[in-house]
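Engineer: Got a predicted structure plus its sequence, pasted below:
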Amino acid sequence: MFVGSVEHPAGVDFVILVSMDWSAYVHPILGALVTGLVFALGNSGLRGRGSGRGARQFRQFHARLGPWVCAAALLAQASGILMVLSVRFDLSPASTMHFRSGTLLVCLLLLLFWSRSFMHLMIVRQLHPWVGALAMLVAGAHVFFGLQLIR
Ligand code: HEM
Ligand code: HEM
């Protein structure tokens, strides 16, 4: 909702409440998609544990999907900032809790992306799913903060 005020000749200030421009919904829709992808990625990673044939297929799918999810999250982060700068004049850029949780989510995903080069190390293999679980928790909180920005 855009909030503005108009001064009446009689000296009374009117507050105008305008609902969110339709284009401002592009980011929340993309964001919801990215959140779904993060959960699908985490799910495939967790189901990829073990040595069964099914587990190997899940691991392959997980490893292939990972870079796309990272790219999509970067796009969502950029589109969020762009929306604030172009249509959500009631918000100031990089000032919300949603911005901070989005930045944390992107950093965690990039850390997971980077860790794939060290998967041969036991410690990285053990830590990777925990960082991934943290990313999923942050993604859940991130949706919550995002919904609070919808007007
Ligand atoms: C269901 C998921 C999401 C919802 C409902 C949501 C909602 C919103 C809304 C309503 C805004 C204000 C701009 C606008 O109206 O378009 C916003 C801004 C933003 N969003 Fe999202 N978002 C979601 C997911 C994401 C994701 C996945 C990311 C990045 C990883 C992200 C990053 C941002 C950023 C960086 C801003 C700008 C905030 C600022 O500058 O303070 N959002 N989001
Ligand atoms: C969403 C959060 C994530 C979770 C919960 C998660 C979880 C896991 C788990 C449980 C494994 C199996 C480890 C084992 O062998 O015991 C795994 C492997 C792997 N993950 Fe993730 N992961 C996540 C995100 C990512 C991301 C963003 C990437 C980036 C590309 C990635 C790349 C990989 C790779 C390359 C492997 C090794 C696959 C193989 O051995 O063939 N993961 N992950």
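Structural biologist: Happy to help now that I have it. Numbers count the residues shown, from 1 in each chain. Ligands and ions are numbered 1, 2, ... in the order given.

Engineer: which parts of the protein sit against ligand 2?
Structural biologist: Contact residues, the chain versus ligand 2 (C-beta under 6 Å from any ligand atom): 38, 41-42, 45-46, 48-49, 59, 62-63, 66-67, 69-70, 109, 112-113, 116, 119, 125, 128-129, 132-133, 135-136. Where you see a C-beta, it was placed from the backbone N, CA and C, and this is true even at glycine.

Engineer: Is it possible to mark the buried ones in those residues?
Structural biologist: For those, a burial check counting by 16 or more other C-beta atoms under 10 Å picks out 38, 41-42, 45, 48, 59, 62, 66, 69-70, 109, 112, 128, 132, 135-136.

Engineer: just to revisit the earlier point, which of the residues of the chain next to ligand 2 fall in helices?
Structural biologist: When the residues of the chain next to ligand 2 are checked against helices (DSSP state H), the matches are 38, 41-42, 45-46, 59, 62-63, 66-67, 69-70, 109, 112-113, 125, 128-129, 132-133, 135-136.

Engineer: Which pLDDT value belongs to G50?
Structural biologist: According to the prediction, G50 has pLDDT 89.

Engineer: now F61
Structural biologist: If you check F61, the pLDDT there is 97.

Engineer: Name the nearest residue to it, sequence neighbours excluded.
Structural biologist: Among residues not flanking F61 along the chain, S44 sits closest, at 5.1 Å (C-beta to C-beta, 6 or more residues apart in numbering).

Engineer: With T103 instead?
Structural biologist: Using C-beta to C-beta, 6+ apart, the nearest residue to T103 is Q77, at 7.1 Å.

Engineer: does the one you found sit in a helix or strand, and which one?
Structural biologist: In the assignment (DSSP states H and E), Q77 maps to helix 53-86.

Engineer: Identify each buried residue in stretch 101-117, please.
Structural biologist: Of all the residues in stretch 101-117, those buried under the rule 16+ other C-beta under 10 Å are S101, G102, L104, L105, V106, L108, L109, L112, S115.
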